[in-house]
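Novice: Requesting a structural model of the entry that follows:
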Amino acid sequence: TLPIWEDWRPYAGHNLYFCFGLNRRHYFKGIGSLGMPEIFDPNRNRSVVAGLERLYSDARVKCEYFYDHIEVDEKHGLGWLNNAIVPIVEVEPEAGLELAIGGALRMEVMRRYNQYLAVRLGVEPI
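Specialist: Sure thing, here's the model as predicted:
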């Protein structure tokens, strides 16, 4: 019902990736931003599944994506942590702060997007 560019919040995650990609000095922030959701997605997917099961008796069929990605994302998140984040910090400890800043910015973008969805869907934001 709204023109596609009426609200910036649905596009904030993409904008963040573009911002980090414009200059190599944001490289570690970009890696942190990519890794953060991978680490936290399994718990989010569990919460989504719990809500879907309250709404639909056939939630597993209607919303297969969230069920399938709980286990897959656990392995993927650990892979990001063990094979990307930790090795970077071991070789270049000062990069840890940049990784954390990128991750924190991504989490803030995700929080704002969830608030947008809550308003859009008519539920109270958390």
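Novice: center of this protein, which residue is that?
Specialist: Centroid-nearest residue in the chain: residue 37, 3.3 Å away (criterion: CA atoms, centre = their mean).
Novice: My understanding was that that one contacts residue 102; is that so?
Specialist: No. Counting by CB atoms under 8 Å, residue 102 is not a contact partner of residue 37; they are 11.2 Å apart. Glycine gets a C-beta too; all of them are placed from N, C-alpha and C.
Novice: where along this structure do the helices fall?
Specialist: 12-21, 27-55, 59-62, 64-80, 86-91, 95-121 (DSSP state H).
Novice: Identify the residues contacting the first one?
Specialist: Contacts of helix 12-21 with the rest of the structure, by CB atoms under 8 Å, 6 or more residues apart in numbering, involve 8, 26-27, 29-30, 33-34, 102, 105-106, 109-110, 112-113.
Novice: now do 10 Å
Specialist: When contacts are taken as CB atoms under 10 Å, 6 or more residues apart in numbering, the neighbours of helix 12-21 outside the stretch itself are 8, 11, 26-34, 37, 102, 105-106, 108-110, 112-113, 116.
Novice: Quick one: residues contacting the nearest residue to residue 46 once chain neighbours are set aside.
Specialist: The spatially closest residue to residue 46, leaving aside those adjacent along the chain, is residue 70, at 6.0 Å (CB to CB, 6 or more residues apart in numbering). Residue 70 sits next to 41-46, 48-49 when contact means CB under 10 Å, 6+ apart.
Novice: Between those residues, which sits nearest residue 84?
Specialist: Residue 84 has its nearest neighbour among the contacts of residue 70 in residue 41, at 15.2 Å by CB to CB.
Novice: May I have the predicted confidence score for that closest one?
Specialist: At residue 41, the predicted lDDT confidence score is 83.
Novice: doesn't residue 73 make contact with it?
Specialist: Yes. When contacts are counted by CB atoms under 10 Å, residue 41 is listed as touching residue 73 (4.4 Å).
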